[in-house]
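Visitor: Sequence and predicted structure below; questions after.
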Amino acid sequence: MYISDTHLKSFLADAGLVSQKDFDVAEKEAKESGRTVGEVLTSNNDIGEDELRRTYAYILGIPFVALTGTTIKYDTLSLIPEPVARRNNIIAYNHRGDELEVAMLDTDDLAAIDFIKKKTHLKVQARLTDAASIKYALKLYQQSLKDNLGDVIQRETAALEHTSGDGKEEDLKQMAEGVPAVRIVDTLLRHAAAQGASDIHIEPLEDSLLIRYRIDGILHDAMALPKHAAAAITARLKVLSNLRLDEKRLPQDGRFGTEASGERVSFRVSILPTYFGEKIVMRLLRDSISGFTLESIGFHGAALERMHDAMRKTTGLVLTTGPTGAGKSTTLYTLLDIINTPDKNISTIEDPIEYQMARVNQTQVRPEIGFTFANGLRSLVRQDPDIIMVGEIRDKETASLAINAALTGHLVLSTLHTNSASGAIARLLDMGVEPFLLLSTLRVIIGQRLVRKLAPDREQYELSRDEQTRLESVVDAGAVLRTLKEEKIVDKAATWKNIPFYKPKEDGQAPSGYAGRVGIYEVLPVTATIKELIMANASGDKIEEQARKEGMLTMSEDGIFRAAQGVTTIEEVLRVITE
């Protein structure tokens, strides 16, 4: 929204919103900093963001709408998927014929407007609004979807009450393809995707069917359904996943894809017999991961530079470590996305294939027919690859093959289940890998976890003396403070006493005070001194100690760094690190 400074100054002065003196100061500061006058005025608290936005709307002749307290039909609201609405601050609030009115914080966001036009095939009319209106409308998504979900579930489960469930395959197939089962499962999947769930748990209890979602790493109860709905839901999911309907005694695994919340999502399905029936867990996998960068997933400073150095190499082994659900696959896919250029042949062997990537040859292991990581890796090296990604190093054979591939002119990326970066070396040695082979191949080892990010609506506080003491007992507070200063996050004269930290505001935009997750990392480059320690069969603690001397932040220290940036909380970091 371009408005000349002269025009803005004239209007603000005439309206008595900003004094001429304050405007002149802001104008000078804007020229020096390269920001707009409006940004400087709001940062100096000379005018509120919403008041400035109303001013822009008036000057430009764009209608301004306030949505707080208004009723927006769910059918209209849902024309824009919630992730798009939240990301672009755009709300569909009025639909008449072939016209759709949308409220925005920035009507110059032409990419968002164009996306809505293509998705809805409607004429989009942009209106300016304020932050409070956007916040109010985003809450309506959850309430409307919950109400809609409740109506569908109640109606369709009632329709299932008298459905036959005698276990015959024909009956089960008929039940799975019936309208009630289709609507219930479809509504569940849409709801889970809109909530940002990474997993859906469908658990049979003695007298009910419990639905739980894992959101930002934490498992939450979503709803309880009548017990009689279990057979139809299970049958429906088995049909979607191409699993045997009449098999109820053995575990089964499958996969299917669907469209949810405006994006393509794959569901990885695991069915396990339990005492009260078959328990189903579905992992939600967004099919496209392109567009991620190392910065966006949490790398920064020296760790970021070390990662880029490692990826510029044409041979060697790059490992990422951590427990299940630590984001290791996302890190590897992000690295692949960065180096996925037309002059590279990239091949992967995975279990399972979590994301589809263009121009990458992805292979799924099939242990039941003898196609393992080791067998697949043997074949991959005969496919003239430049870069190989091995989903996980689980045994000596796979480790030896991966290291041999790295020795023979390939860049190999893989994962290990260890608690820290330094622990990966001990794990490989335990598998029987010769130390001298590690010296020749290992480039960098990443240890990682995922922490929940604070929602924008949060509470600021400063550490008390006791909290500072407790912090210093957990991490090397001096190293963290030094890094904060080096990366210009805080002033050079800053101390822990005057660095602001934040707590979740549970009555804010997100129910838990958190929204989304980000990685915390330790990046251990295998330097000459680390190689000497490996040859001397040093312990993981000794290797980590040396890496810290050479500038590595541990995961807990990186977590405190992120907390000092206001990205997460100290409590969240400690929860994840001590789990």
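Guide: Yep, that arrived.
Visitor: what are the phi and psi values for the residue nearest the centre of the chain?
Guide: Compute the mean C-alpha point of the chain, and by Cα atoms, centre = their mean the closest residue is residue 517, 5.3 Å away. Main-chain torsions, residue 517, degrees, to the nearest 10: phi -140, psi 160.
Visitor: OK, contacts around it?
Guide: 216-217, 327, 450-453 (Cβ atoms under 8 Å, 6 or more residues apart in numbering). Yep, even glycine has a C-beta here, placed from its N, CA and C like the rest.
Visitor: try residue 277
Guide: Per Cβ under 8 Å, 6+ apart, neighbours of residue 277: 204, 230, 234.
Visitor: neighbour-wise, which of the contacts of residue 517 leads?
Guide: The member of the contacts of residue 517 surrounded by the most neighbours (other Cβ atoms under 10 Å) is residue 451, with 27 neighbours in all.
Visitor: right, and the secondary structure at that residue would be what?
Guide: Under the three-state scheme (DSSP: H, G, I helix; E, B strand; the rest coil), residue 451 adopts strand.
Visitor: what are the bridge partners for the closest residue to the residue nearest to the centre of the chain other than its chain neighbours, then?
Guide: Setting aside the residues directly before and after it, residue 517 is nearest to residue 450 in space (Cβ to Cβ, 6 or more residues apart in numbering), at 4.5 Å. For residue 450, the beta-bridge partners under DSSP bridges are residue 519.
Visitor: Distance of residue 450 relative to residue 360?
Guide: 24 Å (Cβ to Cβ, to the nearest Å).
Visitor: who touches residue 294 in this structure?
Guide: 304, 307-308, 334-335, 338.
Visitor: Pull out the buried residues from those residues.
Guide: Among those, the ones that count as buried by 16 or more other Cβ atoms under 10 Å are 304, 307, 334-335.
Visitor: on that earlier part again, so for the residue nearest to the centre of the chain, what's the pLDDT?
Guide: What the model reports as pLDDT for residue 517 is 89.
Visitor: ok, it to residue 252 distance?
Guide: 30 Å.
Visitor: Same question for residue 315.
Guide: Counting by Cβ to Cβ, the gap from residue 315 to residue 252 is 41 Å.
Visitor: What is the neighbour count of residue 384?
Guide: Neighbours of residue 384 (other Cβ under 10 Å): 8.
Visitor: mind listing the strands for the stretch 251-400 of the chain?
Guide: Ranges of strands in the stretch 251-400 of the chain, per DSSP state E, counting those that start in this stretch, are 252-260, 263-274, 277-286, 316-321, 346-350, 360-364, 387-390.
Visitor: Generate CSV for the ones you listed, with mean pLDDT and distance to residue 481 as supplementary columns.
Guide: Shown next, in CSV, are the strands of the stretch 251-400 of the chain (pLDDT from 0 to 100; distance: least, Cβ to Cβ, whole Å):
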stretch, mean pLDDT, distance to residue 481
strand 252-260, 83, 43
strand 263-274, 88, 40
strand 277-286, 90, 37
strand 316-321, 96, 27
strand 346-350, 93, 40
strand 360-364, 92, 41
strand 387-390, 95, 37
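Visitor: who wins for proximity to residue 483 among those?
Guide: strand 316-321 (21.1 Å; Cβ to Cβ).
Visitor: which parts of the closest one are buried?
Guide: 316-321.
Visitor: Looking at those residues, which is nearest residue 115?
Guide: Among the buried residues of strand 316-321, and counting by Cβ to Cβ, the member closest to residue 115 is residue 320, at 33.1 Å.
Visitor: Hmm, residue 314 is touching residue 385, no?
Guide: No - at 11.7 Å, residue 314 does not count as touching residue 385 under the criterion of Cβ atoms under 8 Å.
Visitor: Pick out whichever of those two has more residues nearby.
Guide: Comparing residue 314 with residue 385 by other Cβ under 10 Å, the one with more neighbours is residue 385, at 20 against 10.
Visitor: May I have the secondary structure class of residue 432?
Guide: Three-state call for residue 432 (three-state DSSP): coil.
Visitor: now residue 405: how far from residue 349?
Guide: Distance from residue 405 to residue 349, by Cβ to Cβ: 11 Å.
Visitor: Please identify which of these two sits among more neighbours.
Guide: Of the pair residue 405 and residue 349, residue 349 is the one with more neighbours under other Cβ under 10 Å, namely 28 against 23.
Visitor: and the more buried one, what does it touch?
Guide: Neighbour list for residue 349: 363, 365, 373, 376-377, 380, 388-391 [criterion: Cβ under 8 Å, 6+ apart].
Visitor: Show me which pair in these is furthest apart.
Guide: Most distant of the contacts of residue 349, by Cβ to Cβ, are 365 and 388, 13.9 Å apart.
Visitor: Okay, now the unreliable bits of the stretch 1-150 of the chain?
Guide: 1-21, 23, 30-50, 53, 56-61, 142-150 (pLDDT under 70).
Visitor: can you pull out the helices in it?
Guide: Secondary structure of the stretch 1-150 of the chain (DSSP state H, counting those that start in this stretch): helices at 5-15, 20-33, 37-43, 49-60, 74-77, 82-88, 110-120, 131-160.
Visitor: buried sites along whatever helix or strand comes next after the longest one?
Guide: Following the chain from helix 131-160 toward its C-terminal end, the next helix or strand by DSSP states H and E is helix 169-176. Residues of helix 169-176 classed as buried under the neighbour-count rule (16+ other Cβ under 10 Å) are 171-172, 175-176.
Visitor: Please report how far residue 309 lies from residue 199.
Guide: Taken as Cβ to Cβ, the span from residue 309 to residue 199 is 35 Å.
Visitor: who has more neighbours, the two?
Guide: residue 199 (19 against 12).
Visitor: where's that one, which helix or strand?
Guide: strand 197-204.
Visitor: Can you name every helix or strand that the helix or strand following that strand contacts?
Guide: Sequence order places strand 208-215 as the next helix or strand after strand 197-204, per DSSP H and E. The contact analysis (3 or more Cβ pairs under 8 Å, 6 or more residues apart in numbering; DSSP states H and E) places strand 208-215 against strand 197-204, strand 218-226.
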